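*Asks:* Build me a structure from this.
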Amino acid sequence: MNLTALTAVSPLDGRYASKLSPLRPIMSELGYMHRRVQVELTWFVALSDAGFDEFKPLSKEGRAYIKKLVQQFGEADGQAIKDIEKTTNHDVKAVEYWIKNQFKDQPELEAASEFVHFACTSEDINNTSHALQLKSGRDAVLLPALDGVIERLRALAREFAAVPMLSRTHGQTASPTTVGKELANVVVRLNAARSAIASVKLLAKMNGAVGNYNAHLSAWPDFDWEAFSRRVLETPELTAGGDASQPFGLGLTFQPYSIQIEPHDYMAELFDAVARANTICIDLARDVWGYISVGYFKQKTKAGEIGSSTMPHKVNPIDFENAEGNLGLANAVLRHLSEKLPISRWQRDLTDSTVLRNMGVGLGYAVLAYQSLLTGLNKLELNQAQLAADLNSAWEVLAEPIQTVMRRYGVPGAYEKLKEVTRGQAVTREALHGLIRGLDIPPAEKDRLLALTPAAYVGKAVELAQRV
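*Replies:* Numbers count the residues shown, from 1 in each chain. Prediction:
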């Protein structure tokens, strides 16, 4: 059986393959190989610039050739590495051999080929490659997808800033708000979560088999390998249009202390931050689902779509349901990653290796969910008639402002008096107005309370929604 969208085990590569095409070149095995090649060649060029007599600086042509190997790396190159791995049974060694094969028609590079993977352990290549994958996946795919949700929510918050809505606390009627203000709440939460994701520093180490530069110092004992490693890791990446004569770097943050592996604490921080954003999105999906259920929102229909196989009238909130399900899957993977990855037996075990190959799965489900949320938000239409009807049948919510004004003017037992006429019973406009007229408060205050309606009792909700 051939691997296709129909035969794939994972829906990320099956049913949803087209939705995740931007993530696939980054987080796939091919993307991992590409980054390994980039790291190996960046280290190689940097060694040529280090000032060693045994490895003179590469020529302009040599550097340009190496840049081309990185920039034009494609699927055929990845397959060639996989073919080599069938013999080596070691994926990083296969990358090293592939690079040396590419040097065979380049005399300058072939002469220096023993400096490919020089003094490196496999994890020096892998941890930096993972960091580069996460950098690109976060900045180019995940955050833009989350930004789409945030910006749509922001637009809806402003559009519906002044549309009053009955609140429900514990599922019971409560002080009114506006539709825009409730959406603004989510915007603020997601902005904070987004900042946490974006601010995580992506760390990497290139310090040898157990983090002490043992092999490095055996070759050049007087060379400052720690400073060199920092320089390679923190020098910005060479861009596609960049000058190959410039220093090659990786644009990451130097990790000075490690065992054989980078400790992965930053990964845990990053995955926890994404999971936090996802939890907020689950809260949003469930709330909007509920608002659709009670008729506050309608959904735009699309010609040809079917909501139910037997009930033609239905327009199901499937985008919010799909989002909720995929956010749960994302968090299950991300939380396992954040809990497992910082743990390694002694100086190294391999339990992180197979787990790290699932980073794209966790991020993929998150991106898929953000897409579903955005689709659902774009379908929403406000049902103002239902919003108004609910407010007009909830006069009991005005018990709060009435008793608060009573307290202001020292009317004894204000709370208790309102509780007596509102709790557990239907409250009418007429009943409340009768109570107000009998209060011993200034006439102007009576008039203000008599003019109040549930739809007008929204506090600063409009202002708060408009300024989000």
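
*Asks:* chain center to stretch 283-295, what's the gap?
*Replies:* Centroid separation for stretch 283-295 versus its chain: 22 Å, with CA atoms, centre = their mean, to the nearest Å.

*Asks:* And for stretch 86-100?
*Replies:* Centre to centre, stretch against its chain (CA atoms, centre = their mean), the figure for stretch 86-100 is 33 Å.

*Asks:* ok, now stretch 344-360?
*Replies:* Distance of stretch 344-360 from the chain centroid (CA atoms, centre = their mean) equals 22 Å.

*Asks:* Then stretch 46-63?
*Replies:* 40 Å.

*Asks:* and it, which residues are buried?
*Replies:* 46, 47, 48, 49, 50, 55, 58, 62, 63 (16 or more other CB atoms under 10 Å). Heads up, the C-betas are built off the backbone N, CA and C, glycines and all.

*Asks:* Show residues contacting it.
*Replies:* 45, 66, 106, 108-109, 112, 115, 118, 220, 223, 228, 231-232, 244-245, 247-249 (CB atoms under 8 Å, 6 or more residues apart in numbering).

*Asks:* Can you select the buried ones among those for me in PyMOL?
*Replies:* The buried subset of the contacts of stretch 46-63, as determined by 16+ other CB under 10 Å, is captured in PyMOL by this line:
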select buried, resi 45+66+109+112+115+228+231+232+244+248+249
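
*Asks:* mind listing what residue 341 touches?
*Replies:* With CB under 8 Å, 6+ apart, residue 341 has these contacts: 264, 267, 268, 352, 355, 356.

*Asks:* and the last one, what does it touch?
*Replies:* Read that as residue 356. Each residue near residue 356 by CB under 8 Å, 6+ apart is listed here: 126, 130, 337, 341.

*Asks:* Of these, which belong to helices?
*Replies:* Within those, residues falling in helices by DSSP state H are 126, 130, 337.

*Asks:* per-residue confidence at the closest residue to the second one other than its chain neighbours?
*Replies:* Nearest in space to residue 130, with sequence neighbours left out and distances taken as CB to CB, 6 or more residues apart in numbering, is residue 356 at 5.9 Å. Reading off the per-residue confidence, residue 356 sits at a pLDDT of 97.

*Asks:* Distance of residue 356 relative to residue 153?
*Replies:* According to CB to CB, to the nearest Å, residue 356 stands 33 Å off from residue 153.

*Asks:* Residue 80 too?
*Replies:* 46 Å.

*Asks:* With neighbour numbers in mind, choose between the two.
*Replies:* residue 153 (25 against 16; other CB atoms under 10 Å).

*Asks:* Touching, the more buried one and residue 188? I think so.
*Replies:* No - assessed by CB atoms under 8 Å, residue 153 is found out of contact with residue 188, at 9.9 Å.

*Asks:* Tell me who's in contact with residue 361.
*Replies:* Taking CB under 8 Å, 6+ apart, one finds 10, 12, 333 in contact with residue 361.

*Asks:* sorry, back to before: could you point out which of the contacts of residue 356 is nearest to residue 405?
*Replies:* Distance to residue 405, by CB to CB, is smallest for residue 337 among the contacts of residue 356, at 54.2 Å.

*Asks:* what's the distance between the closest one and residue 270?
*Replies:* Residue 337 is 9 Å from residue 270, by CB to CB.

*Asks:* all helices for the stretch 1-150 of the chain, in order.
*Replies:* Applying DSSP state H, counting those that start in this stretch to the stretch 1-150 of the chain gives helices spanning 24-27, 29-48, 60-71, 75-88, 91-102, 107-111, 122-136, 143-159.

*Asks:* Nearest to residue 277 among these would be which one?
*Replies:* In terms of CB to CB, the element of the helices of the stretch 1-150 of the chain nearest to residue 277 is helix 143-159, at 6.3 Å.

*Asks:* residues in contact with that closest one?
*Replies:* So helix 143-159 is contacted by 179-181, 183-184, 186-187, 190-191, 194, 197-198, 277, 281, 284, 366-367, 370-371, 373-374, 377-378, 380, 465-466, 468 (CB under 8 Å, 6+ apart).

*Asks:* Out of those, which end up buried?
*Replies:* Neighbour-count burial (16+ other CB under 10 Å) applied to these gives 179-181, 183-184, 186-187, 190-191, 194, 197, 277, 281, 284, 366-367, 370-371, 373-374, 377, 380, 465, 468.

*Asks:* So for stretch 402-420, mean pLDDT?
*Replies:* The predicted model assigns stretch 402-420 a mean pLDDT of 87.

*Asks:* so what does the top helix by length along the chain touch, helix or strand wise?
*Replies:* For the chain, the longest helix by residue count, based on DSSP H, is helix 265-293. In terms of contacts (3 or more CB pairs under 8 Å, 6 or more residues apart in numbering; DSSP states H and E), helix 265-293 is packed against helix 122-136, helix 143-159, helix 179-199, strand 297-299, helix 318-340, helix 359-379.

*Asks:* For the helix or strand hosting residue 436, which helices and strands make contact with it?
*Replies:* In this structure, residue 436 sits in helix 429-437 according to DSSP states H and E. Helix 429-437 sits against helix 399-408, helix 414-422, helix 443-451, with contacts defined as 3+ CB pairs under 8 Å, 6+ apart.

*Asks:* mind saving the C-alpha coords of the second one as CSV?
*Replies:* Same thing as helix 414-422. Taking Å, rounded to 0.1, in the frame of the first residue of the first chain, the C-alpha atoms of helix 414-422 are listed here in CSV:
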residue,chain,number,x,y,z
ALA,A,414,-30.8,46.9,51.1
TYR,A,415,-29.4,43.5,50.0
GLU,A,416,-32.0,41.6,52.0
LYS,A,417,-34.9,43.6,50.6
LEU,A,418,-33.9,42.9,47.0
LYS,A,419,-33.2,39.3,47.8
GLU,A,420,-36.7,39.0,49.2
VAL,A,421,-38.4,40.2,46.0
THR,A,422,-36.0,38.6,43.4
